[in-house]
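Colleague: Could you work out the structure for the sequence below:
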Amino acid sequence: MRAVAAALALACLAALAGAPPDAAWIARAKKEGAVTLYTSMQLVDSRPLTEAFEKKHGIKVSLWRASGEKVAERAITEARGGRYDVDVIETDGAQVEIAYREKLLAPLKVPAVADVPAEILPAHGYYAPTRLTLYVMSYNTNLVAPNEVPRNYADLLQPRWAGKLALENDDVPWFASVVKAMGESQGLAYYRRLAGQKPSMRKGHTLMAEMVAAGEIEVAIDTHVQGIARLKEKGAPIEWKPLQPAFGQPSSVGVAARAPHPEAARLLADFILSREGQEIIKARNRVPVSRAVDSPLNKFQYRLIDPAIALDEWDKWSALWSSIFLGGKAAGKGE
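Modeller: Down below sits the predicted model:
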């Protein structure tokens, strides 16, 4: 059923996409003269994207950057007040889903979406992933011999790893996703056994990866692949391995339903998803989604975390996580 839904989503988006950016489309966008982007992407990463777009098309980008929650909050507040300033929203998947549920987005009619893997596109076709945060196990190569590297989740239950593991303190959506993939009863039983290994609970994926590289942690189960890649580039003794089922958290792009610059908005969204835009994302040590871009960081099977976990099921899964790993203390929404 999942494959059928993904195929339908791709067919729907392909039908909506229309022709690639041609002279007429670009001329209409240039006539609008500007485009406004709300994003949670850090400025050091978003500026190269917008500057490349401006250079290519001669259209000025007004960029506003904040956390994902603030991006969605501002767009919703403005729309409810009858103010429509934003053209394009690019932020974490759950917040873009909120914008979709609030009917703030138009169907994403851009051709570059055809290069996004069908299985990670939302069936409704109103937004598409732009970049990924993929969860992988990391380990210190000075402390973990090649023949000791865990091959799967079950291997983490071996006596060798008692007191040697770490988990990120607030990774509720990742936990819920793995539990669901394993089957809820089996998955919860697994995590209760994992808790018996006394994993160290750490706050922040970046800090956790740095601690692995420093040898303070032997194995971290749920680190972010791009953070490990940056440490490896600096020569740190750290390596990564995806454990199946592997999951990723997407950031996504959508075009505002009441965009004041609709043609420029579509052009910017298409640019972000295009090979050119995705190569810029890759160059910033982020994980691109496009199949047109070769990246060693996403060459394994993965699924996306369902935004419904954070939006509709948080109380259930955060309570389970808290009872298993945090001694009843509340979990935060993550890094």
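Colleague: Pretty sure W64 sits in a strand.
Modeller: Yes. Per DSSP: H, G, I helix; E, B strand; the rest coil, W64 lies within a strand segment.
Colleague: How many residues are close by it?
Modeller: 13 (other C-beta atoms under 10 Å). Placement of C-beta: from N, CA and C, glycine included.
Colleague: Beta-bridge partners for it, please?
Modeller: Here W64 shows beta-bridge partners Y38, assigned using DSSP bridges.
Colleague: correct me, but it touches T36?
Modeller: Yes. The pair W64 and T36 passes the contact test of C-beta atoms under 8 Å, sitting 7.3 Å apart.
Colleague: so when I look at W240, I'm seeing a helix, right?
Modeller: No. Going by three-state DSSP, the assignment for W240 is strand, not a helix.
Colleague: Check what pLDDT it gets.
Modeller: pLDDT recorded at W240 is 97.
Colleague: and the gap between it and N147?
Modeller: 17 Å (C-beta to C-beta, to the nearest Å).
Colleague: ok, those two, which is more surrounded?
Modeller: Neighbours of W240 and N147, each counted by other C-beta under 10 Å, are more numerous for W240; the result is 22 against 5.
Colleague: Hmm, V225 and that one touching each other?
Modeller: Yes. W240 is within contact range of V225, at 5.9 Å (criterion: C-beta under 8 Å).
Colleague: can you list residues touching both of those two?
Modeller: In the contact map built from C-beta atoms under 8 Å, 6 or more residues apart in numbering, the residues linked to both W240 and V225 are V136.
Colleague: so how many other residues sit close to the nearest residue to A213 once chain neighbours are set aside?
Modeller: Ranked by C-beta to C-beta, 6 or more residues apart in numbering and with sequence neighbours excluded, the top spatial neighbour of A213 is A236, at 3.8 Å. Around A236 there are 19 other residues, counting by other C-beta under 10 Å.
Colleague: hang on, A236 in a strand?
Modeller: No. Note on A236: no strand contains this position according to three-state DSSP, which reports coil.
Colleague: how about low-confidence regions in the chain?
Modeller: 1-19, 334-335 (pLDDT under 70).
Colleague: Helices along that one, start to end?
Modeller: Here the chain has its helices, by DSSP state H, at 2-17, 23-32, 43-57, 68-80, 93-101, 172-182, 184-195, 205-214, 225-233, 262-273, 275-283, 307-311, 314-325.
Colleague: Most tightly packed of those helices?
Modeller: Mean neighbour counts were compared across the helices of the chain using mean count of other C-beta atoms under 10 Å; the top stretch is helix 262-273, at a mean of 26.
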